[in-house]
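*Asks:* Provide a 3D model corresponding to the input given below.
(one chain, ligands or ions: 1)
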Amino acid sequence: MQLYIDSAVPQEVEKMMALGIIDGVTTNPSLAAKAGMTYKEAVAKILKIVPDNISLEVLSTDAPGMIREGRALTKMGKNVVIKLPTTEEGLKALKVLTKTGIRVNMTLVFSANQALLVAKLGAYIVSPFIGRLDDIGQTGIDLIDEIRQIYDNYGFKTKILFASVRSPLHVKQAALASADIATCPYDVLEKLVKHPLTDIGLKKFLDDFKESGQKPLV
Ligand code: E4P
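*Replies:* Model prediction:
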């Protein structure tokens, strides 16, 4: 499973790239605003850090506007993927952009039928927002299971991206449900490697070695 960072903070992206655990980035204007940066400024920096799979969101809501913006954003780099909302206008834009080879990530997906439509139109990525379904008392992971089954039934190649990750548990759920990608906030990525028993185990091992008075092997 690929891991993306869901962030518009270049320093966060840089740190996770250096750790070698991320394969891409999802951004949106809200994330940039939260980071106190303009979307343009944040994107320009991130495009230089990550070699591929950087999803940039359009701001237009009509198909001609989305197509215009999508084409312009694609010119910013070969590593760009265009993120479009899953609306009727978004579907029209998806059809046009994919025909010219532009990779599109269809976002704000909340149902299996939306996922079916975007796969039929050749989306590169589908982004079901699992955390937001959990937030309203639904079992978000069921949606990943449904989409996986539908895509496998018909051999759709669209990649399933588990979006709106809230915790390490979501990342485990994504992997168990055979999602292709999970996009995680920085703090969730940080938590993935941590386990208290690892720290306790390491301390004990080093203390025992020190107490034995032995010399290190090398
Ligand atoms: C992904 O593309 C979205 O930016 C993100 O996962 C949304 O997460 P949220 O529900 O925490 O805003």
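*Asks:* skipping adjacent residues, who's closest to M16 in space?
*Replies:* Distance criterion CB to CB, 6 or more residues apart in numbering; nearest residue to M16, sequence neighbours excluded, is I22 at 4.6 Å. The C-beta positions use only the backbone N, C-alpha and C, and glycine is treated the same way.
*Asks:* so who does that neighbour touch?
*Replies:* Going by CB atoms under 8 Å, 6 or more residues apart in numbering, I22 touches L3, Y4, I5, V13, M16, V50, L189.
*Asks:* what's across from the third one in the sheet?
*Replies:* For I5, the residues forming beta bridges with it (DSSP bridges) are V25, C184.
*Asks:* quick check: which element contains the residue nearest to M16?
*Replies:* Using DSSP states H and E, I22 falls within no helix or strand.
*Asks:* return the member of the contacts of I22 nearest to T86.
*Replies:* Y4 (18.3 Å; CB to CB).
*Asks:* picking that back up, ok, the residue nearest to M16 to A44 distance?
*Replies:* Distance from I22 to A44, counting by CB to CB, to the nearest Å: 19 Å.
*Asks:* residues near Q114, how many?
*Replies:* For Q114, the count of nearby residues is 20 (other CB atoms under 10 Å).
*Asks:* surely it is in a helix?
*Replies:* Yes: counting by DSSP: H, G, I helix; E, B strand; the rest coil, Q114 is part of a helix.
*Asks:* in contact with K95, which residues?
*Replies:* L121, G122.
*Asks:* ok, and for the helix or strand where it lies, which residues are buried?
*Replies:* Element membership of K95 [criterion: DSSP H and E] is helix 88-99. Buried residues in helix 88-99, counted by 16 or more other CB atoms under 10 Å: E89, G90, L91, K92, A93, L94, K95, V96, L97, T98.
*Asks:* how about these in JSON lines, adding distance to L116 and pLDDT?
*Replies:* Output for those, formatted as JSON lines (distance: CB to CB, whole Å; pLDDT from 0 to 100):
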{"residue": "E89", "distance to L116": "18", "pLDDT": "98"}
{"residue": "G90", "distance to L116": "15", "pLDDT": "98"}
{"residue": "L91", "distance to L116": "12", "pLDDT": "98"}
{"residue": "K92", "distance to L116": "17", "pLDDT": "98"}
{"residue": "A93", "distance to L116": "18", "pLDDT": "98"}
{"residue": "L94", "distance to L116": "13", "pLDDT": "98"}
{"residue": "K95", "distance to L116": "15", "pLDDT": "98"}
{"residue": "V96", "distance to L116": "20", "pLDDT": "98"}
{"residue": "L97", "distance to L116": "19", "pLDDT": "98"}
{"residue": "T98", "distance to L116": "16", "pLDDT": "98"}
